[in-house]
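[1] What follows is a predicted structure for the sequence shown.
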Amino acid sequence: MLKFIGKRIGYAVLTLFLIATATFFLVAAAPGDPIAAKVGQMPEQAQAIINEKYGFDQPVTVRYVKYMKNLLTTGDFGESIVYTGKSANDIIKENTLISAKIGLMAIVFQVVIGVLLGMVSALNRGKAVDHLIRVLVVLAICVPSFVFASLLQYFLAFKWKLVPVFGWGELKHYILPVAAYAIGGIASYTKYMRSSTLSVIGEDYIVTAKAKGCSRGRVVRKHVLRNSMIPIVTMIGPALAGIFAGSFIIEKMFSIPGLGFYYVKSVSDNDYTMVIGLTIFFALLFVIALIVVDILYGIVDPRIRVAKGKK
Amino acid sequence: MKKRRILAGIMAAVLVAGTLAGCGGGGESGSGSKTEGGSAGGEKVFNYSYNSVVVGLNPILNTSAPDNVAHNIICDPLVRNAKKADNTTEIIPAAAETWESSEDGRTYTFHLHENAKWNDGEPLTAQDFEYTLKLMADPDTAAVNAWLFDGVIENFGEALYSKDGKTAEDIGVKAVDDTTLEIKITHPASYFTELASSVYPVRQDKYEEWGEAYGSSADKIICSGPFEVESWSQNTEFVAKKNENYWDAENVKLDKIVMKVIQEPATAIQAFINQEIDVVATSDLNWAEQIEAANMSTTEIVPDSAPEFLMFNMENEYLANTKIRQALSAAFDRQEFVDTLRDGKALPIYSVMPDTMLIGDKSYTELVDGKNYFVKELQEEVKDPKALLEEGLKEIGKPADASQVTLHYASRGTNELSKKMAEWYKQIWEAELGITLEIDMMEWNVMWDKIDAGDYEIAVGGWGPYYNEPSAILMLFDPETGYFNADKLGWNNEDSKKFKELCESATDIVDEKEKAEIYLQAEELLVKNAVIVPEYLEQSPTFVANTVKNYFVSTNGMTNWAEVDVEK
């Protein structure tokens, strides 16, 4: 197991290095001068100062070596070109938690409600409740989250004035974005939970439990719920890694001060330190989440651990 | 059986409730650390929004649109621009109580308020303004808008571009005493006070202490305006509260200005109708109708002062010919352009000078009797643009066959409007002139790169003049020193030389009528000869909640925040 984890971490480091390198050169090759907008009408001397500050007076390979060296030794992504006086690290520090908070809350709702609905649906297979849930699930999976966001915003906030249209800081500001974010996920978890519950119900050990005289409640709680949760647990890992990407559009809609604004804007601003810094940061999160999932697989399901161990 | 099902339901509910409680706790603790806003009873708060963030509060380095709004709130320039009823601007006192210019118009003396103060109680002095201007003139500072004073303040350009051995110490700015600031300018310029309204003071001791971090956070800024920074969380909100040390604090009406970031236009409009923000601008007809139906606001329509225009790269063999360019300019109807592309929410222009341009205190358009509408004149003269185009082709020794002409159009950005505009020109020019227009869609920063490198044929430009005098626009096209110089426009012929001479000869003239006539001749070379082709002025309505009083925006985007009031 330790060897397995070590190997995964090794691959992860390599992946990160490749991503950092590729991003650096892609951004360098992208059309548009990152400081053109900034220097505008400045005298040559002033332009030279700014060029030197960001290293644009040197060829791209020299810049790359310098950047990597700085990144590896200090972990510093460098000063933003647009937000002078702030490094990409500062901006990540200030805004990551907000993006993460919305995503994490949404995942909690997704799992809890999804599992519940999935089980209700499976245990009532073929009945009206099951049909209703399945129709809603298909609807919720097909409609993109920003459509839900607009609808929720228009009705709950704008028309009925139950919550504010936008904003951040108080509990009431969480309601719409978390709901909009969670709906799609609730549907997927419901769908997976339903099918996994159905397959578990048919297993021999459930029949055994029933035959032993277990109450229905006990069977559901002790045997069905636990076993049918396995695929759900493995889905949570990748979902955790995706909480940032998924919330960008919702952040924009409800003016939530997360990282989304900076990520999108820095691309159009050609703010190369920000683009590279944020990309590496997201890649890092993703890679970590994948490692955690790999390890989780092993813990949740011994069969996987054995198979991987043999390899 | 039924009982058991109920039990299972309860169990599940408990499970959910447990998780929810945990999550709710997390949410609350998170919000607890952030919440502090909550308007106290009786406070007068103006809720404002912008679609982008305040990048920084250093007026010398941060000059994006939201930055300028913030500076306008927390800094006191020498004088302020205020909107007059006819959409022109009026210069009113700010840090300077009075000012006068010498007989020859080359020396301006500003007398500061005796009790002008920074928000920490230190006096705001003439030396602060001297320091600020000298800092801007130093090329090492890399001040973004320093070039504005090149050729205006004595020795400023020389210091900025390190010419004639001059340094920032040599510029014609001097604090005679604590409250008297004397500025020497190189030629009589009636617009100088307007330029002075953009000089927001910084303070030496703090600027030296904080260095690059000056204005990068709420605790690293010193304010001189009617408001001071209360809190600033970059992509959430910028909050300014009344500055009790402001010289005119007793007449400042608001207690607080909250400027939020709202990127999504639909969000801003819904928030406006629900009175979460007090002012919103939109050119979307559907939303405008909803706002009007809500009947809670007044509509203000102020045309922008920034002309939008097409520009031609005259290095191109076809576009070097005046007749071909004139044919392109004459071939489309500006009103139709505005109706089709802007839903009529813009003002077609026939001169590159908006009607709000002034010389002294007189309107440029009136001084020249409207003769500056060169596009109209051209369209009356040219009944058949296609014939003119073919004449042009003959002049450059090409067969008079428009169908062999292919031109490339570089879009300014890839948004909906840019796409529609490109397609509109393609349709009109191909139908009217019989040429082929290829559209190159590109991001706006890529377009600017191409313009810088002269690597385009037809592109879209625009410019918001920094003061309302024709030279603010004409100077842009100076073939050597202008922003749209010969490297970008390829304008390098007899006309461009004459243009430069005319602009230079106008600087020393004091008589308004005489000056206007020279500007008119220069504009004729630029617009009648279609070096650039004026299109329209932006004119999107701004909706102001009925609870707001005295909120006006001047054509160049300034608001006199000390006057603004809310009644709630």
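    Perfect, I can see it now. Residues are numbered from 1 along each chain as shown, chains lettered A, B, ... in the order given.

[2] How about the residues of the stretch 51-200 of chain B by chain A?
    B:52-53, B:55-56, B:58, B:61-62, B:139-147, B:160-162 (C-beta under 8 Å from any C-beta of the partner chain). Backbone N, C-alpha and C define where each C-beta goes, glycine included.

[3] residue nearest the centroid of chain B?
    B:G464 (4.9 Å; C-alpha atoms, centre = their mean).

[4] Weed out the non-buried ones from the residues of the stretch 51-200 of chain B next to chain A.
    Among these, those scoring as buried are B:53, B:55-56, B:58, B:61-62, B:139, B:141-147, B:160-161 (criterion: 16 or more other C-beta atoms under 10 Å in any protein chain shown).

[5] Tell me where the stretch 201-350 of chain B has helices.
    Here the stretch 201-350 of chain B has its helices, by DSSP state H, counting those that start in this stretch, at B:204-210, B:265-273, B:285-294, B:322-330, B:334-342.

[6] Could I get these in a markdown table, plus columns for distance to chain A, mean pLDDT and mean neighbour count?
    Converted to a markdown table, those look like this (distance: least, C-beta to the nearest C-beta, whole Å; pLDDT from 0 to 100; neighbours: other C-beta atoms under 10 Å in any protein chain shown):
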| stretch | distance to chain A | mean pLDDT | mean neighbour count |
| --- | --- | --- | --- |
| helix B:204-210 | 9 | 95 | 14 |
| helix B:265-273 | 4 | 93 | 23 |
| helix B:285-294 | 10 | 88 | 14 |
| helix B:322-330 | 26 | 96 | 25 |
| helix B:334-342 | 23 | 92 | 16 |
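
[7] show me the contacts for the nearest residue in space to B:Y318 that is not next to it in sequence.
    Excluding the flanking residues, the one nearest B:Y318 by C-beta to C-beta, 6 or more residues apart in numbering or on different chains is B:I324, at 5.2 Å. Neighbour list for B:I324: B:Y318, B:L388, B:L389, B:G392, B:L393, B:I396 [criterion: C-beta atoms under 8 Å, 6 or more residues apart in numbering or on different chains].

[8] Pick the one among the residues you listed closest to chain A.
    Nearest to chain A among the contacts of B:I324, counting by C-beta to the nearest C-beta, is B:Y318 at 25.4 Å.

[9] I'd like to know which helix or strand in the chain has the lowest mean pLDDT.
    By default, I'm working from chain A. For chain A, using mean pLDDT, DSSP states H and E, the weakest element among its helices and strands is helix A:302-310, scoring a mean of 55.

[10] Please tell me how far the residue nearest to the centre of chain B sits from B:L537.
    The gap separating B:G464 from B:L537 is 10 Å, by C-beta to C-beta, to the nearest Å.

[11] do the same with A:L296
    60 Å.

[12] Same drill for these two, tell me which one is more crowded.
    Neighbours were counted for A:L296 and for B:L537 using other C-beta atoms under 10 Å in any protein chain shown; B:L537 has more, 21 against 15.

[13] Quick check: which element contains the more buried one?
    strand B:532-538 (DSSP states H and E).
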